[in-house]
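K.L.:
Pasting the sequence and the predicted coordinates here, then a few questions.
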Amino acid sequence: MKSSSVFSLFSSPDRRCDDDEDDSSQNESEQMKGAVHSHLEESIRPYIDLIDTLRSVGIHKDLALPTIAVIGDQSSGKSSVLEAISGVALPRGSGIVTRCPLELRLKKVTGGVNWKAVLSYRKKRIEFVHSSLVERHVETAQNELAGSGVGICDELITLEVMSPDVCDLTLIDLPGIARVPVKGQPEDIGNQIKNLIMKFIEKQETINLVVVPCNLDIATTEALKMAQEVDPDGRRTVAILTKPDLIDKGTEKNILAIVHNKVIPLRKGYTMVKCRGQQQIDENIPLEEATQIERDFFQNHDHFRDLLNEDKATIKCLAVKLTQNLVDHIKKSLPQLNQQIKKKLWDVKNELKEYETGPPKDLKGAKQFLIETLKRFNDQINSLSSGEQMSEENLFVQLRAEYKKWNDHLNSTKTSFSHSKELSQKNRGRELLGFSNYKLFESVLQKHVAKLKKPAIELLYTIKDIITTHLTGVVSQSFRNYSVLQNTAKDKINNIQLTQQEKTEKRILEQFELENMVYTQDPVYLKFLTDITNEKFSEDQLPFFDRNCMYSKMLESYYEIVVQRMADQLPMMISFFMLKQTAELLSTDMLSLLDGAEVRELLFEDSDVSIRRKDLRERLDRLSAAQEEISTFSTD
């Protein structure tokens, strides 16, 4: 059974495109037909084919493609509009009829093809040559995807219609907006539908085709409200006014004001159509005849006839306008689309490198793979510990910052020791006035240095956390696909770091024990004493300097030596034990895994890793195919 649409008017000699019935008008119509067909085939079709091909390879899973999304409230006449444009009967009924997004690809073909369609969803593909089967196949697909009943689903169904009587156009029909759930529907069905619609119309690449009945207040229609929400300037919104035969008399001027963009302005404007009513459907009036009835309606209407001359009425006018809008939109989007594909292709290739190809199946190959994996890990660890590995959060930059804080803290604890006279009185022994007490000198210094012990241990803990974070980062990067290796390495890091922490803490405490000895080389002490007092002393002059009142300068001089000693000694000690030795021990321990290793167990991959690798490969394939399509298209 051959279906016909509005575009069969171009090829049917008994149909006219204007009121004049003379031969010259008919000839003009035939010339227009040829010009339009030539324009569609040579200029429009390649662009629409490109986007259809990109969608076929699945690129819409990675980025948004230029498209036209059809939205409308329930019973707005949306299905009738699509039927008139496509020439095929889509599912009808009350409530939610479109329960899955339906991509309608219309392709004008010649060469003996009367009518052919391909319905595809998930991995199914159904070809048929009778338009009467469309409704049944679409319903079956919806039931499989959304379940039998009134539920909805966001999976796409594609219906490709090839016929000499259709225009070149691709549309995506979305479920009608519901306000109140009916029997069997979830309470939030309205929100479900709106969320599904929003996924399509919020994308800047989408032209929103809003279907609005003339007999309703346009400002209250939910579909137009949603379009305005995502496109407040009306740059990518087209509106269709349906059911003009149902408006109240006297409201025609109000409707014309809407069509002429004076009420709610839209850059792409309004088009009024009159599709088959329910009575005409019941009487099986064919779409071709309904198209002529539509034209006669506008031609004979007292208020709306001028819309024909303004190209603002009829399905034919709408279809041509939509096709041109879509092609213009595609042309503008192609450069950006090309760049997006290149960037995503680059990102996928880089991410796929991190997932590798996986270990070989044979044991010998798997063991060699494990050896190479561990060797690369050890190289990374050694590079980290030696400061060769540069990253955004460089380890040595962080360590140096913490060591500077330690140095700043040491400098902040320097004091004039002006209270030394008071201390000498409180700690005075049996000596007479004027005699010095070296024990007092030692006591003051030891107490002052002891206050550094707690900050020193805190520095150790801070450095340990930083180093552990970087080491585990290398583990996660090197063994990201292998959870057993990851957990094993992290356990080893924790055990080694705990042992090294205890060792380092013991050495730090030993350092403080050493500081209790109060010792430095004489020349060093004299140098600092000279710097503090701005006087030069020789060793034979020192007895005259050994007075209680001068203890403050002597204390300052020696504490300066302590500060410089601790400022270098502790960072070197912590770095040596917590970083250098840890890296060496970790490398040795990881290589020891090869002794009697359960290779298969160590190289076990989580299921999500293999799934992710498979997903990346699929993305790589479709992005590569998309890039090739666009590249070929650009050079044509």
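P.N.:
In hand now; what should we look at? Just so we're clear, the structure is a prediction, and the values are computed from it rather than from any experiment.
K.L.:
What segments of the stretch 251-400 of the chain are strands?
P.N.:
In the stretch 251-400 of the chain, the segments counted as strands under DSSP state E, counting those that start in this stretch are 270-272.
K.L.:
low pLDDT regions in it?
P.N.:
354, 356-357, 389-392 (pLDDT under 70).
K.L.:
How about the stretch 1-150 of the chain?
P.N.:
For the stretch 1-150 of the chain (pLDDT under 70), the answer is 1-42, 92-96.
K.L.:
Go again with 90.
P.N.:
The model of the stretch 1-150 of the chain has pLDDT under 90 over residues 1-49, 51-65, 73-80, 82-99, 107-114, 122-123, 131-132, 146-150.
K.L.:
With the stretch 451-600 of the chain instead?
P.N.:
For the stretch 451-600 of the chain, applying pLDDT under 90 flags the ranges 477-483, 518, 521-557, 594-600.
K.L.:
What ranges does it have for its helices?
P.N.:
453-478, 483-515, 522-533, 542-545, 551-575, 581-591, 599-602 (DSSP state H, counting those that start in this stretch).
K.L.:
Likewise for the stretch 201-350 of the chain?
P.N.:
Under the criterion DSSP H, counting those that start in this stretch, helices of the stretch 201-350 of the chain are mapped to 222-230, 252-259, 278-282, 287-299, 306-309, 315-355.
K.L.:
next one: the last one to chain centre, how far?
P.N.:
Right, the one you point to is helix 315-355. Put simply, helix 315-355 sits 17 Å off its chain's centre (C-alpha atoms, centre = their mean, to the nearest Å).
K.L.:
Also stretch 115-129?
P.N.:
For stretch 115-129, the distance to the chain centre is 32 Å (C-alpha atoms, centre = their mean).
K.L.:
before we move on, what about stretch 204-212?
P.N.:
Distance, stretch centre to chain centre, for stretch 204-212: 24 Å (C-alpha atoms, centre = their mean).
K.L.:
Let's see the distance spanning stretch 445-462 from one end to the other.
P.N.:
Start-to-end span of stretch 445-462 (C-alpha to C-alpha, to the nearest Å) is 27 Å.
K.L.:
again with stretch 241-261
P.N.:
Chord length of stretch 241-261, first to last residue, is 12 Å (C-alpha to C-alpha).
K.L.:
got the buried residues for it?
P.N.:
For stretch 241-261, the neighbour count (16 or more other C-beta atoms under 10 Å) marks 241-244, 247, 252, 255-256, 258-259, 261 as buried. Where you see a C-beta, it was placed from the backbone N, CA and C, and this is true even at glycine.
K.L.:
And residue 201, how far from residue 224?
P.N.:
As defined by C-beta to C-beta, to the nearest Å, residue 201 lies at a distance of 11 Å from residue 224.
K.L.:
actually residue 347, not the one I wrote
P.N.:
38 Å.
K.L.:
out of the helices of the stretch 201-350 of the chain, nearest to residue 414?
P.N.:
When those are compared by C-beta to C-beta, helix 315-355 sits nearest residue 414, at 50.4 Å.
K.L.:
relative to helix 453-478, how tilted is that closest one?
P.N.:
Here helix 315-355 points in a direction 120 degrees away from that of helix 453-478 (axes from the mean of the first three to the mean of the last three C-alpha atoms, to 10 degrees).
K.L.:
can you put the buried residues of stretch 241-261 in JSON lines and add distance to residue 501?
P.N.:
Below are the buried residues of stretch 241-261 laid out as JSON lines (distance: C-beta to C-beta, whole Å):
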{"residue": "241", "distance to residue 501": "77"}
{"residue": "242", "distance to residue 501": "76"}
{"residue": "243", "distance to residue 501": "80"}
{"residue": "244", "distance to residue 501": "83"}
{"residue": "247", "distance to residue 501": "84"}
{"residue": "252", "distance to residue 501": "87"}
{"residue": "255", "distance to residue 501": "81"}
{"residue": "256", "distance to residue 501": "84"}
{"residue": "258", "distance to residue 501": "77"}
{"residue": "259", "distance to residue 501": "79"}
{"residue": "261", "distance to residue 501": "75"}
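K.L.:
Would you mind checking which of these is nearest to residue 471?
P.N.:
Closest to residue 471, out of all of the buried residues of stretch 241-261 and judged by C-beta to C-beta, is residue 261, at 65.6 Å.
K.L.:
If we ignore the residues flanking it in sequence, what's nearest that closest one?
P.N.:
Excluding its sequence neighbours, the residue lying closest to residue 261 (C-beta to C-beta, 6 or more residues apart in numbering) is residue 269, at 6.0 Å.
K.L.:
Repeat that for residue 276.
P.N.:
Nearest one to residue 276, counting by C-beta to C-beta, 6+ apart, is residue 290 at 4.4 Å.
K.L.:
Greatest separation within the buried residues of stretch 241-261: which pair is it?
P.N.:
Maximum pairwise distance in these, criterion C-beta to C-beta, is 20.0 Å, between 243 and 261.
K.L.:
Would you mind checking which of the buried residues of stretch 241-261 is nearest to residue 464?
P.N.:
Using C-beta to C-beta, the buried residues of stretch 241-261 come closest to residue 464 at residue 261, 69.6 Å.
K.L.:
and that closest one, how far is that from residue 86?
P.N.:
Applying C-beta to C-beta to residue 261 and residue 86 gives a distance of 27 Å.
K.L.:
And the strands in the stretch 101-250 of the chain?
P.N.:
Remark: strands assigned in the stretch 101-250 of the chain by DSSP E, counting those that start in this stretch are 102-108, 116-121, 124-128, 157-163, 169-173, 206-213, 237-242.
K.L.:
For burial, what's the neighbour tally of residue 469?
P.N.:
Neighbour count for residue 469, taken as other C-beta atoms under 10 Å: 12.
K.L.:
how about it, what does it touch?
P.N.:
Under the criterion of C-beta atoms under 8 Å, 6 or more residues apart in numbering, residue 469 has no neighbours.
K.L.:
likewise residue 582?
P.N.:
385, 467, 471, 493, 496-497, 500.
K.L.:
Residue 51 is nearest to which of the helices of the stretch 201-350 of the chain?
P.N.:
Among the helices of the stretch 201-350 of the chain, the nearest to residue 51 by C-beta to C-beta is helix 315-355 (5.8 Å).
K.L.:
now that closest one and strand 237-242, what's the angle there?
P.N.:
140 degrees.
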